[in-house]
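>>> This is a predicted model, with the sequence first.
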Amino acid sequence: MKVGVVTFPGSLDDHDAARAVVAAGAQAISLWHADSDLKQVDAVILPGGFSYGDYLRCGAISRFAPVMGSVIERANSGMPLLGICNGFQILCESHLLPGALTRNEGLHFLCKPQKISIENNSTAWTNGFAENAQILIPLKNGEGSFQCDDATLTQLEGEGRVVARYLGVNPNGSRNLIAGISNARGNIVGLMPHPEHAIDSLTGPSADGLPFFTSLLTSMVGR
Amino acid sequence: MATIVVDVMLKPEILDPQGQAVGAALPRLGFTFAKSVRQGKRFEIEIDGEVTPAQLAEVSKAAETLLANPVIETFTVRVEN
């Protein structure tokens, strides 16, 4: 199975995302922001970083990169798509996911291991987790505060689309401690913390992030 | 030549930590007038010739598409003389 990882100008975590894909047993394919060709991949990851220098708003310019036209079209017809950190911001700017990520409450850039709970283990990216699994993966962002209007929040909660929630003190002011959400179909997931940095205990705080990538293989094989 | 100005502000219900930080800094400098501060963005767009209603509509469309994120922000478009 081929998983595409998009590199935008300013992406930082594309190599770690590709490494996580390989560790999960799939083939990682590099995709370039300026090329609309998705090279016949089965799924796409939008990695973390500071694409286009976060100019204007995080993800606002990347959202119009040539590659995104193809990504949006395929994701709308069911292709699994994971956005991590800056990738989550791009998904919100693309309107593939509702809401927006704004400046952290307190203004500090955060970089620390963060406990989260997996509240929906039926998405393409989380089916390998036990129900309400508590995991520890890095959180590193300056604009990770998830915001949306009350109606959207009620809908996300009511439809079980809050995929991951921060445990303990709210790190960034996100509404309802939201760390990650999905679309209604469950093929598109946006996540603020970084599972790709936690796939083995040598290089991360845990190996708790790996199931995001092995989940994808399970969901693809089960099709 | 004319200038079209687009002002973008966070919606009132969206937390603005930057504005709050500025608001907290003012009294430390002896400026005690501010009840609260909110921070936004201003775009100055130069165009050739006179501004037509069609151009203003196009700028509004661009503001809605790229300059502002309507999920969290509002914007105004005006011509500056």
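Sure thing, it's come through.

>>> Close to chain B: what parts of chain A are there?
For chain A, the residues in contact with chain B (C-beta under 8 Å from any C-beta of the partner chain) are A:56-57, A:60-61, A:64, A:92-93, A:98-100, A:102-107, A:145, A:147-149, A:173. Yep, even glycine has a C-beta here, placed from its N, CA and C like the rest.

>>> Neighbour count says what about those? Which are buried?
Buried subset of these (neighbour count, 16 or more other C-beta atoms under 10 Å in any protein chain shown): A:56-57, A:60-61, A:92-93, A:98-100, A:102-105, A:145, A:147-149, A:173.

>>> about what we covered before: sort out for me which of the residues of chain A next to chain B are in helices.
Taking DSSP state H, the ones among the residues of chain A next to chain B that sit in helices are A:Cys92, A:Glu93.

>>> Can you tell me which of the residues of chain A next to chain B end up in strands?
A:Ala100, A:Thr102, A:Ser145, A:Gln147 (DSSP state E).

>>> Once you drop chain neighbours, what's closest to A:Pro113?
A:Pro205 (3.9 Å; C-beta to C-beta, 6 or more residues apart in numbering or on different chains).

>>> so the one you found makes contact with A:Lys140?
No - contact criterion C-beta atoms under 8 Å: A:Pro205 and A:Lys140 do not qualify, at 11.7 Å.

>>> what about stretch A:204-217, how long is it end to end?
Start and end residues of stretch A:204-217 are separated by 22 Å (C-alpha to C-alpha, to the nearest Å).

>>> Can you report how many residues neighbour the closest residue to A:Lys140 other than its chain neighbours?
Take A:Lys140 and drop its neighbours on the chain: the residue closest to it by C-beta to C-beta, 6+ apart is A:Cys111, 4.2 Å away. Neighbours of A:Cys111 under the rule other C-beta atoms under 10 Å in any protein chain shown: 11.

>>> Same question for A:Gln40.
8.

>>> Same question for the one 4 residues further on.
Per other C-beta under 10 Å, the neighbour tally for A:Val44 reads 26.

>>> and if you look at the one 10 residues further on?
For A:Asp54, the neighbour count with other C-beta under 10 Å is 18.

>>> Was I right to think it contacts A:Glu143?
Yes - taking contacts as C-beta under 8 Å, A:Asp54 lies within contact range of A:Glu143: 7.4 Å.

>>> Give me the helix or strand of chain A that scores worst on average pLDDT.
In chain A, no helix or strand scores lower on mean pLDDT, DSSP states H and E than helix A:210-221, which sits at a mean of 94.

>>> re the thing from before, can you add pLDDT and give the ones in strands among the residues of chain A next to chain B back as CSV?
Shown next, in CSV, are these (pLDDT from 0 to 100):
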residue, pLDDT
A:Ala100, 96
A:Thr102, 95
A:Ser145, 97
A:Gln147, 95
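
>>> Identify the farthest-apart pair in the residues you listed.
Longest distance between any two of these is 9.0 Å, between A:Ala100 and A:Ser145; criterion C-beta to C-beta.

>>> Report the contact partners of A:Pro66.
The contact partners of A:Pro66, taken as C-beta atoms under 8 Å, 6 or more residues apart in numbering or on different chains, are A:His33, A:Ala34, A:Asp35, A:Ser36.

>>> Could you look up the SS state of the third one?
When classified by DSSP: H, G, I helix; E, B strand; the rest coil, A:Asp35 comes out as coil.

>>> List the backbone torsions phi and psi for it.
phi -120, psi 120 (degrees, to the nearest 10).

>>> Chain B versus that one, what's the distance?
21 Å (C-beta to the nearest C-beta, to the nearest Å).

>>> Likewise for A:Pro193?
A:Pro193 is 20 Å from chain B, by C-beta to the nearest C-beta.

>>> So what does A:Gly204 have for phi and psi?
According to degrees, to the nearest 10, A:Gly204 has phi -140, psi 180.

>>> I'd say it and A:Ala198 touch.
Yes - between A:Gly204 and A:Ala198 there is a contact under C-beta under 8 Å: 3.6 Å.
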